[in-house]
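K.L.:
Here is my input; please provide its structure:
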Amino acid sequence: MTSTIELRTFHSFEPARQHLLDVYADVRADLLHLPNYAVSAFAERLDRHSEEPGWVAVLAYEHGNPIGYAYANTVDSEDRWWKRVAPNPPAEYTDRHAVALKEIGVRIPWRGTGAARRIHDALLADRDEPYVTLMVNPAAGDGKVHRLYEIWGYEDIGRSRPSAASPVLTVMIRAVR
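P.N.:
Numbers count the residues shown, from 1 in each chain. As a prediction, the model looks like this:
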């Protein structure tokens, strides 16, 4: 399936917003009943994140229909991203700007096709930061999502609970290149 996928990068939020919401609702359909995963909660986070420095999104399309996405922004040592990580991450990661991969998702028919990796790599292709970090629910996919990130080169560096409604997440990091 990945041979017909078109990747589009968005540095401006509005053209991407509705497609991000639509794909998210489909990707997270089985979790939408949980407060932290509700589309309204995602929309609030998305709107807030889009105003943060270095925001960018990559959407994948097949035949003009969005099938996957990822978005990220830049975080510095004072960002709340790092303030919520326990134990404190090494200064090696926090003393410079990093890319925070906030969300990535692919609709079910395209999972296991390499589409997520293509989206991920396109998102990082033009980044200047030395590291990329993400948070993953260790229970997602019965641990398969966490293992996938390990295959992509990410390593665990701590835990975080970004909000009271959020599960405890595993914080991971790797070099951008």
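K.L.:
quick one, longest helix in the chain?
P.N.:
helix 14-27 (DSSP state H).
K.L.:
Report all helices and strands that it contacts.
P.N.:
For helix 14-27, the elements it packs on are helix 39-49, strand 56-62, strand 65-75, strand 98-106, judged by 3 or more Cβ pairs under 8 Å, 6 or more residues apart in numbering; DSSP states H and E. Yep, even glycine has a C-beta here, placed from its N, CA and C like the rest.
K.L.:
So Trp152 sits against Ala175, correct?
P.N.:
No: assessed by Cβ atoms under 8 Å, Trp152 is found out of contact with Ala175, at 11.3 Å.
K.L.:
Compare these two and say which is more crowded by neighbours.
P.N.:
More crowded of Trp152 and Ala175, by other Cβ atoms under 10 Å: Trp152, with 15 against 11.
K.L.:
what's the distance between that one and Gly114?
P.N.:
12 Å (Cβ to Cβ, to the nearest Å).
K.L.:
again, but for Asp26
P.N.:
Using Cβ to Cβ, Asp26 is found at 19 Å from Gly114.
K.L.:
next one: Asp30
P.N.:
For Asp30, the distance to Gly114 equals 23 Å [Cβ to Cβ].
K.L.:
Name the residue in the two with the higher neighbour count.
P.N.:
More crowded of Asp30 and Gly114, by other Cβ under 10 Å: Gly114, with 15 against 8.
K.L.:
quick one: the more buried one and Val85, what's the gap?
P.N.:
30 Å.
K.L.:
residue closest to the middle of this structure?
P.N.:
By Cα atoms, centre = their mean, the chain has its centre lying nearest to Glu103, at 2.4 Å.
K.L.:
check contacts around it.
P.N.:
24, 42, 46, 69-71 (Cβ atoms under 8 Å, 6 or more residues apart in numbering).
K.L.:
One more: Ala139?
P.N.:
Going by Cβ under 8 Å, 6+ apart, Ala139 touches Pro167.
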